[in-house]
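Q: what's the 3D shape of this:
(one chain, ligands or ions: 2)
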Amino acid sequence: MNTTRREFLKLGLTLGAGAALQPLLGCEAKAALHSRREYLFGTEVELAVESASPREGEMALSEVVERFTGMNRDWHAWKPGALSRLNARLAAGEMAEVDTELASLIDGARALSARSGGLFNPALGELIALWDFQSDTQTRRAPPEAAQIAALCAHAPRMDALHIEATADGARIHSASPHVRLDFGGYAKGVALDRALDQFAGRGLGNAVVNLGGNLAVSGRRQGRPWRIGVRHPQGEGVIAALEVEGRAAVVTSGTYERYREWNGERYPHIIDPRTGYPARHIASATVLHPEGGLADAAATALVVAGPQDWPRIARAFGIREALVVDETGAVQLTPAMARRAQVQEGVPVRVV
Ligand code: FAD
Ligand code: MG
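A: Ligands and ions are numbered 1, 2, ... in the order given. As a prediction, this is how the structure comes out:
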């Protein structure tokens, strides 16, 4: 595999957290490929869709951007919006009403949390905030006191503390524990990928790509050829593997290398192990390929928590056939189906598990 990060960038694309799109914007797209860039969800957003009609293509892009803007506001864990209002009510032990979109986000997350045995746990907002990961900036401070971490961990907030009762226009929610604080940083972007591709498909636009800071989803083909997606090397420059994908698929990467807190030369990455309250750090990145972006996002986060020995068990629990994990030594482990698809960079140790 000789594709380098520079070659990806030459094509005018920003590399996100986990993956890069080689062929998308610009180049030979002619009039048929319409694209948009935004900054939402705290990351670069790139959209591209093929349409014979420029007007239709532009309208489809505007619709998705508008929907993403609403999600970004309503699902934000630490800025004012529907989710922070919900969190305040749950903390006060009160019943809250949410709209259909937020209700379905919570419901989906609860089911996936159960599948992961609680390793994917979006109820952990108090701990995530304690570690300073509900912030626009990377902090350089000593880690929280062990006693504070232990105290929040002892409350063991879990998604199954939530009682959700459907209503005509959403749901009523309350929590058996006042320590459930919802944070969908590990899930909402995956759901947004699904919603965007559904929206394009609803207009009959079946060839599209959505990239949310390296979490991406494609549908169809790219001008008659498969999409080619690069998985970024978590410990260096360039890509560690390339994947060819056609049809509908999300390729989502979670990693410990990009968002972390640093103190005295030590890094504390942003994915928290709910069993200990401390950051998970033995997997550098986990990439999941699956038709559903929401599932892929939750699962990729859970695989990082599970660690280099246990991740295959969690992948099975999610029904994932294609996953690629880079451990802290830089070695690649992959599932047999992913081994058939991925072109891993030469010289990287590889083990099929
Ligand atoms: P993932 O592995 O998918 O998610 C990790 C994130 O999930 C953590 O950062 C934490 O939030 C949460 N988490 C940690 N441990 C667990 C666990 N065990 N189970 C479940 N979840 C866990 N960032 C900004 O800097 N500024 C913004 O304005 C901003 N706005 C956002 C708005 C929305 C609606 C969302 C969803 C995110 C926003 N972000 C923002 C967050 C930013 O995009 C994060 O970097 C991102 O969500 C982490 O995603 P990831 O794909 O890198 O990692
Ligand atoms: Mg995730």
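
Q: Near ligand 2, which residues of the protein are found?
A: G186, S254, D297, A300, T301 (Cβ under 5 Å from the ion). In this view, the C-beta of every residue, glycine as well, is placed from N, C-alpha and C.

Q: Spit out the contact partners of the second one.
A: When you say that, I think you mean S254. G18, G186, I271, S285, A286, D297, A300, T301, L303, V304 (Cβ atoms under 8 Å, 6 or more residues apart in numbering).

Q: picking up where we left off before, tell me the buried residues within the residues of the chain next to ligand 2.
A: G186, S254, D297, A300, T301 (16 or more other Cβ atoms under 10 Å).

Q: The first one - nearest residue in space that isn't next to it in sequence?
A: Closest residue to G186 apart from its sequence neighbours, by Cβ to Cβ, 6 or more residues apart in numbering: T301 at 3.8 Å.

Q: Which secondary structure state is assigned to the one you found?
A: Per DSSP: H, G, I helix; E, B strand; the rest coil, the secondary structure class of T301 is helix.

Q: distance between the helix or strand hosting V191 and the chain's centre?
A: Per DSSP states H and E: V191 is located in helix 188-202. The chain centre lies 13 Å from the centre of helix 188-202; the measure is Cα atoms, centre = their mean, to the nearest Å.

Q: swap in stretch 291-303?
A: 7 Å.

Q: Let me know whether it sits next to ligand 1.
A: Yes. Stretch 291-303 comes into contact with ligand 1 (Cβ under 6 Å from any ligand atom), by way of D297, T301.

Q: all helices of the stretch 51-200 of the chain, in order?
A: Ranges of helices in the stretch 51-200 of the chain, per DSSP state H, counting those that start in this stretch, are 54-74, 82-91, 100-115, 125-130, 146-154, 188-202.

Q: Can you list the neighbours in contact with stretch 105-115?
A: For stretch 105-115, contacts defined as Cβ under 8 Å, 6+ apart pick out 75, 98, 120-123, 158-160, 162, 164, 171, 173, 182, 184, 187-188, 191, 294-295, 298-299, 317-318.

Q: Looks like P234 contacts V326 (just checking).
A: Yes. Counting by Cβ atoms under 8 Å, V326 is a contact partner of P234 at 5.2 Å.

Q: Settle it for me: which of those two has more neighbours?
A: V326 (29 against 22; other Cβ atoms under 10 Å).

Q: ok but the more buried one is inside a strand, no?
A: Yes. Under three-state DSSP, V326 sits within a strand.

Q: and the residue nearest to Q235 when sequence neighbours are not counted, what does it touch?
A: Spatially, and ignoring its direct neighbours in sequence, Q235 is nearest to G330 (5.4 Å; Cβ to Cβ, 6+ apart). For G330, the contact set (Cβ under 8 Å, 6+ apart) comprises Q235, A284, V348, P349.

Q: and if you look at Q134?
A: By Cβ under 8 Å, 6+ apart, Q134 lies in contact with A77, W78, G125, I128, D183.

Q: Closest one of those to ligand 2?
A: Checking the contacts of Q134 against ligand 2 with Cβ to the ion, the nearest one is D183 at 11.3 Å.

Q: A77 is in contact with that closest one, correct?
A: Yes. In this structure, D183 is within contact of A77 by Cβ under 8 Å, at 4.2 Å.

Q: Pick out whichever of these two has more residues nearby.
A: Between D183 and A77, D183 has the larger neighbour count (other Cβ under 10 Å), namely 25 against 20.

Q: give me the number of residues near M95?
A: 12.

Q: no no, R228
A: Neighbourhood size, R228 [other Cβ under 10 Å]: 19.

Q: Distance from the host helix or strand of it to the middle of the chain?
A: Counting by DSSP H and E, the element that carries R228 is strand 227-232. Relative to the centre of its chain, strand 227-232 is centred 16 Å away, using Cα atoms, centre = their mean.
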